[in-house]
Structures are given as C-alpha cells and as structure tokens.
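[1] What follows is a predicted protein model with its sequence.
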Amino acid sequence: MLRIAVPNKGSLSEPATTLLREAGYKARRDSRELVLHDSENDVEFFFLRPRDIAVYVGSGTVDAGITGRDLLIDSGVEAVEHRPLGFARSRFHFAAPPAAISSVEGLAGKRIATSYRVLVEGYLAERGVSAEVIRLDGAIESTVQLGVADAVADVVETGSTLRAAGLATFGDVLLESEAVLIRPTGDVRPGFDKLDRRILGVLTAREYVLMDFDIPVGKVDAAAAIAPGLESPTVSPLHDGSWAAVRVMVKRRASHRIMDELQELGARGILVTQIHATRL
Ligand SMILES: Nc1ncnc2c1ncn2[C@@H]1O[C@H](COP(=O)(O)OP(=O)(O)OP(=O)(O)O)[C@@H](O)[C@H]1O
Ligand SMILES: O=P(O)(O)OC[C@H]1O[C@H](OP(=O)(O)OP(=O)(O)O)[C@H](O)[C@@H]1O
Ligand SMILES: [Mg+2]
C-alpha cells in the first residue's frame, strides 16, 4: 500500500486535497482526520504539517508527499522533487524598509528574520555575507516594526503583506517556489507511478480544453493550422456534405485567441468544453 503525506493546513492543504480528489482518491470528511485509508485505490494518506512532509519523505517513512519546493529545500533533507504541481506559487525575497537596506551586501552584520533559516543561511554563505539569522514561525513582516530584526526573508505572493508592513524587496529572487510532488531517493516505490500518472492526468486536463466547431470542408486544412491538436484534429462529415465537424484539444490559455481566428476563418458553432481528466 502506497503511503502519501498530504499537507493538513495552510496554503497547500486545500489545493492538494482538490488535486487528489480529482485524481480519483477518497477525500477526508473532517479536517481533524489525520490518517485516511483508501482501500479501493490501495493508498493511505497521512495529513501532516507541510514543513514536516519533506522530513517524512526524506527518511523514507512515507512513499510520496506534497509540499512546497521552499520547504523541501529548507528542510535540508534529500528527497526527489518529482513533479511541480502548479499551485501555491510564491517567490522568496529579502525585504527591509526602503531607506534602510537595498542590497544583499547591505545585510552584513544585520539581523534577518525568517521561517526559512537553512535557505537564507545557504544563500548568504554563497555570497560571503555574514549576518544574524533569527528563526521565527510566522508573521515575519512584523519583526522589523517590532524591533527584533533589521530585514526579513519571506514568501511573497501579491506583495500586499510586505507593503502593509512598510517593507520593500531588494536583491534577486532567492527562490521561485510552488507545490511539488516529492518521493524518497532511490527506487520508486510500488504504486508511485500510478499516483503520478493520475496526478499528471488532472494537471494536463487543467491545462487544456476541448474545442468543437463546424467549418466548410474546403477550410479544414486552414482550421487545422490554427488548432492542430495534439496528434491531429478529429474531422467528421456533417449531413450537409459541404461542411465538417472538427474536434480538437487546445491550451486553455490560447482558447479565446483560437476561437477568434477560427471565427474569422468561417467556423460556426464553436464550443469549448472543460476536460476533467486525461491520459495522453
Ligand atoms: N500567500 C501565499 N501564496 C502562495 N503560496 C504561499 C503563500 N504563503 C505560503 N505559501 C506557500 O505555501 C507553502 C506552505 O507554507 P506554510 O506551511 O507556511 O503554510 P501557510 O500557508 O503559510 O500557512 P500557515 O503559515 O498558516 O501555517 C510554502 O511552500 C509557501 O511558499
Ligand atoms: O505577498 P502576499 O500575497 O501578501 O502573501 C505573502 C504572505 O503570505 C504568507 O503568510 P501567511 O498568511 O501564511 O501567514 P504567516 O506569516 O503566519 O505564515 C507569507 O508568509 C507572507 O507573509
Ligand atoms: Mg505562512
């Protein structure tokens, strides 16, 4: 039975649960449930703190886990980042009051508050900057105002938390993070590939839509040039022999541009349908 660690709280928890549900796994009914046995799919889910998940996977206690890339790196453990999952995207930045510090070199001798000590100390060491790193659990942006730090190093998504605290980022982005599927180093555990295929099926379905349209037969080639599909479009004859029905997968992001172009070409009855799962 495959043992999978899933975030029980925070930004990762809900999207991870949704992904697994869409991949056909049993969902927990109560957010206090810590273990969920899905006998139909021969897997067991352990709901754990996202920061601890890398540790359980790294030690091989569980066979797979979902966590953040930043948390995996900060844990310092060795585990394989097997697949990015496209949610909980964030950037990791230094920030300080704009007039006070504006470069990484300017951090020398200063106090930096962060929840990601290993990540920050690694970055500073690489650049030969010596500073005091203060490890705190959260609300990092408040530490400068509270006088316990001169700068922070934290997760930024929209930047509104930083702005509200009167801080501005400086230097390079330390890390681009998102949720990732991780596994222990060494041989892939039995059942892992099936989990991975199911997840990939859902991620691909989210990326594509199905497009149907009718087009005069003489314009099918031009339509296929606009929307070539993955292999090639499915073309079916209409009862009126001068028209054809075409079905094709297109990238969700491109779907409106493609509809514009097909309509200009002479396509009619263009329909876009959501795909729930795929195996390509
Ligand atoms: N506002 C955010 N937007 C996007 N991703 C975020 C945000 N905050 C945290 N993350 C990401 O979510 C992952 C989990 O972070 P963490 O465990 O700190 O949870 P959290 O969402 O901050 O919840 P909490 O701090 O309440 O426990 C990390 O990979 C982090 O980069
Ligand atoms: O750039 P923004 O969109 O403002 O998001 C970034 C903020 O979100 C997270 O905080 P969270 O809400 O998890 O609180 P925490 O600091 O207690 O972890 C993160 O630690 C930042 O503070
Ligand atoms: Mg947080």
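    On my side now, so go ahead. Residues are numbered from 1 along each chain as shown. Ligands and ions are numbered 1, 2, ... in the order given.

[2] L271 in helix, strand or coil?
    strand (DSSP: H, G, I helix; E, B strand; the rest coil).

[3] Identify the residue spatially nearest to it, adjacent ones excluded.
    Once flanking residues are discounted, L271 sits nearest to D212: 4.6 Å by Cβ to Cβ, 6 or more residues apart in numbering. Every residue, glycine included, has its C-beta placed from N, CA and C.

[4] quick one: the closest residue to ligand 1 within the stretch 101-250 of the chain and ligand 2, what's the gap?
    Closest residue of the stretch 101-250 of the chain to ligand 1, Cβ to the nearest ligand atom: E157 (3.4 Å). Per Cβ to the nearest ligand atom, to the nearest Å, E157 is found 3 Å from ligand 2.

[5] what does H93 give?
    Taking Cβ to the nearest ligand atom as the measure, H93 falls 9 Å from ligand 2.

[6] Would you agree that residue is in contact with E157?
    No - using Cβ atoms under 8 Å, H93 is not in contact with E157, being 10.7 Å away.

[7] quick one, domains of this protein?
    2-88+178-190, 90-176, 208-274 (automatic domain parsing).

[8] Pull up the distance across the second one, start to finish.
    End-to-end distance of domain 90-176: 6 Å, with Cα to Cα, to the nearest Å as the criterion.

[9] about what we covered before: among the domains of the chain, show me which one is buried the most.
    domain 2-88+178-190 (a mean of 19; mean count of other Cβ atoms under 10 Å).

[10] what does the helix or strand A125 falls within rub up against?
    Per DSSP states H and E, A125 falls inside helix 117-126. By Cβ atoms under 8 Å, 6 or more residues apart in numbering, the surrounding residues in contact with helix 117-126 are 70, 73-76, 92, 104, 107, 112, 114, 130-131, 133, 135, 153, 174-175.

[11] Now, those that are in strands?
    F92, I112, T114, V133, R135, A153, L174, L175 (DSSP state E).

[12] still on that earlier bit, can I get the domains of the chain in JSON lines with mean pLDDT?
    Below are these laid out as JSON lines (pLDDT from 0 to 100):
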{"stretch": "domain 2-88+178-190", "mean pLDDT": "96"}
{"stretch": "domain 90-176", "mean pLDDT": "97"}
{"stretch": "domain 208-274", "mean pLDDT": "97"}
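
[13] Out of the ones you listed, which is closest to L200?
    domain 2-88+178-190 (7.1 Å; Cβ to Cβ).

[14] can you give me the offset of that closest one from its chain's centre?
    13 Å (Cα atoms, centre = their mean, to the nearest Å).
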